[in-house]
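A.B. asks: Next input, structure requested:
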Amino acid sequence: MAEFQKADGANYAPVGKGNKVVGPGEFVFAAAALEHGHIYGMVNGLTEAGATLKYVWDPDPAKVAAFVKRYPQATPVDSVEQILDDPSIALVAAAGIPNERAALGIRVMEAGKDYFVDKTPLTTLAQLAAVREAVARTGRRYFCYFSERLHNEASVLAGNLIMDGAIGDVIQVIGMGPHRHGATRPDWFYRHEQYGGILCDIGSHQIEQFLYYTKNEDATVAAAKVGNYTYPDYPEFEDFGDATLIGANGATDYFRVDWHTPDGLRTWGDGRLFLIGTKGYMELRKYVNVAQPNSHANQIFLVNGQEEKQIDATGVAGFPFFGELILDCLNRTEKAMTQAHILKAAELCVRCQLAAVHLQPQKNDAGIFSV
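C.D. replies: So this is what the prediction gives:
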């Protein structure tokens, strides 16, 4: 499967095989708020599943022009109201500034449409409460693009293997989510109120995966910490964070996220996931198999009572989430992902951030860090 902007996580947009669940015009959607390049992955997944892209809106004409160049079927509109007022639109996909995502989602749901938002889906507990109320009041769905599980074939196949009992019950998840900072980022990326903090932002992937693989409906934050080691010019930015969670069923989670991917790595981040079960374990090397030029992304290393083996997940499981999302919207079901799961992941992202110890790393004259 092809990968778009493999070296740049902000614009990483997997391209998969078409697995259409609807025909042309049967499920129509629009794209709005193009602040994060994940919108391209979201649109790819929906259109590959048969959805029809009708409109695009963003206040920045340059972002709209770049989007239309990639998706010429999208008609630019002058305001989001034009999208909300069109009864043919069933879903709005959006990747706005993180602290503005909830407000847009509420407007979308109040207009009678479902909402598909980039991670992190919200940044405060007040936003969470408002979203919960709007979901209950409108009966619409607030989906989230947790791409590190939903749009990665190793992650999808690992879920299938776990359902089949390959490693028994998952009792611990260890996640590593390094990212490349890149040369240019928008101003909001460095403002804590807008991006929500590193555990709330890219930590959202890790928390959602923990809930999913361990079949937990709730968890508590046992410990968390964040720090800024290398960006003194951006005092509100966090380039490192980690956290430990304990699930309601006793399973545990440790994850680390950071912005320290070195330029020598051929992709944007060496994302790894370790799943320890009662009958075996798995390691997922999601985006690269380091220093193995003939071994690419989507590698699973599986050990259980019968065997140890390496599995190349490329082209095996696909990305079923997007078709399931479309059918959930049409049938008012919850097969892709339950609303409770999405909002619990969102809640734990915020609670991790609120619980975090703020490290204050300083270098002494010898260049050694202290806190």
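A.B. asks: can we go C-alpha only for contacts and neighbour counts from here?
C.D. replies: OK.
A.B. asks: could you point out the longest helix in this structure?
C.D. replies: helix 339-355 (DSSP state H).
A.B. asks: Quick one: list the elements packing against that one.
C.D. replies: Counting by 3 or more Cα pairs under 8 Å, 6 or more residues apart in numbering; DSSP states H and E, the packing neighbours recorded for helix 339-355 are helix 125-138, strand 142-145, helix 203-214, strand 219-227.
A.B. asks: To Gly305, which of these lies closest?
C.D. replies: Of all these, helix 203-214 sits nearest to Gly305, with 19.7 Å by Cα to Cα.
A.B. asks: ok, and what's touching the closest one?
C.D. replies: Here helix 203-214 makes contact (Cα atoms under 8 Å, 6 or more residues apart in numbering) with 119-120, 146-149, 159, 162, 169-173, 175-177, 216-218, 247, 251, 253, 255-257, 341-342, 345-346, 348-349.
A.B. asks: and the longest helix of the chain, what's its mean pLDDT?
C.D. replies: Helix 339-355 shows a mean pLDDT of 98.
A.B. asks: Give me the angle between that helix and helix 125-138.
C.D. replies: Orientation check (axes from the mean of the first three to the mean of the last three Cα atoms, to 10 degrees): helix 339-355 against helix 125-138 gives 170 degrees.
A.B. asks: element containing Lys54?
C.D. replies: strand 52-57 (DSSP states H and E).
A.B. asks: Would you mind pulling the contact partners of that strand?
C.D. replies: By Cα under 8 Å, 6+ apart, the surrounding residues in contact with strand 52-57 are 24-34, 43, 47, 64, 67-68, 73-80, 83.
A.B. asks: Now the longest helix of the chain: buried residues?
C.D. replies: 339, 341-354 (16 or more other Cα atoms under 10 Å).
A.B. asks: same question, stretch 317-330
C.D. replies: Across stretch 317-330, burial judged by 16+ other Cα under 10 Å covers 317-329.
A.B. asks: I'd like those residues as a markdown table, with secondary structure, distance to Ala222 and pLDDT appended.
C.D. replies: Output for the buried residues of stretch 317-330, formatted as a markdown table (DSSP: H, G, I helix; E, B strand; the rest coil; distance: Cα to Cα, whole Å; pLDDT from 0 to 100):
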| residue | secondary structure | distance to Ala222 | pLDDT |
| --- | --- | --- | --- |
| Ala317 | coil | 34 | 91 |
| Gly318 | coil | 35 | 95 |
| Phe319 | coil | 33 | 96 |
| Pro320 | coil | 33 | 97 |
| Phe321 | helix | 30 | 98 |
| Phe322 | helix | 33 | 98 |
| Gly323 | helix | 36 | 97 |
| Glu324 | helix | 34 | 98 |
| Leu325 | helix | 32 | 98 |
| Ile326 | helix | 36 | 98 |
| Leu327 | helix | 37 | 98 |
| Asp328 | helix | 34 | 98 |
| Cys329 | helix | 36 | 98 |
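A.B. asks: Quick check, central residue of this structure?
C.D. replies: Residue closest to the average C-alpha location in the chain (Cα atoms, centre = their mean): Phe146, at 2.6 Å.
A.B. asks: That residue against Phe116, yeah?
C.D. replies: No: between Phe146 and Phe116 there is no contact under Cα atoms under 8 Å: 10.5 Å.
A.B. asks: one step back: if any of the contacts of strand 52-57 are buried, put those into a PyMOL selection.
C.D. replies: In PyMOL syntax, the buried subset of the contacts of strand 52-57 is picked out as below (16+ other Cα under 10 Å):
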select buried, resi 27+28+29+30+31+32+33+34+43+47+64+67+68+74+76+77+80+83
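A.B. asks: returning to that earlier point: give me the buried entries from the contacts of helix 203-214.
C.D. replies: Buried among those (16+ other Cα under 10 Å): 119-120, 146-149, 159, 162, 169-173, 175-177, 216, 218, 247, 251, 253, 255-257, 341-342, 345-346, 348-349.
A.B. asks: quick one: the longest helix of the chain to chain centroid distance?
C.D. replies: Taking the mean of its C-alpha atoms, helix 339-355 sits 13 Å from the chain's own mean (Cα atoms, centre = their mean, to the nearest Å).
A.B. asks: Now find how far off-centre the next helix or strand after it is within its chain.
C.D. replies: Remark: after helix 339-355, the chain's next helix or strand is strand 357-358, criterion DSSP H and E. Per Cα atoms, centre = their mean, the displacement of strand 357-358 from the mean C-alpha position of its chain is 24 Å.
A.B. asks: Check which strands are paired with strand 357-358 and give the direction for each one.
C.D. replies: If you go by DSSP bridges, strand 357-358 pairs up with strand 219-227 (parallel).
A.B. asks: and the strand it pairs with, average pLDDT?
C.D. replies: Averaging pLDDT along strand 219-227 gives 98.
A.B. asks: what about dumping the CA coordinates of it to PDB?
C.D. replies: Extracted in PDB, the C-alpha atoms of strand 219-227 (Å, rounded to 0.1, in the frame of the first residue of the first chain):
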ATOM      1  CA  ALA A 219      -9.100   3.500  33.500                       C
ATOM      2  CA  THR A 220      -7.300   5.700  36.000                       C
ATOM      3  CA  VAL A 221      -4.100   7.700  35.600                       C
ATOM      4  CA  ALA A 222      -1.500   6.300  38.000                       C
ATOM      5  CA  ALA A 223       1.300   8.700  37.000                       C
ATOM      6  CA  ALA A 224       2.200  11.100  34.200                       C
ATOM      7  CA  LYS A 225       5.000  13.600  33.400                       C
ATOM      8  CA  VAL A 226       5.800  16.100  30.700                       C
ATOM      9  CA  GLY A 227       8.900  18.200  29.800                       C
END
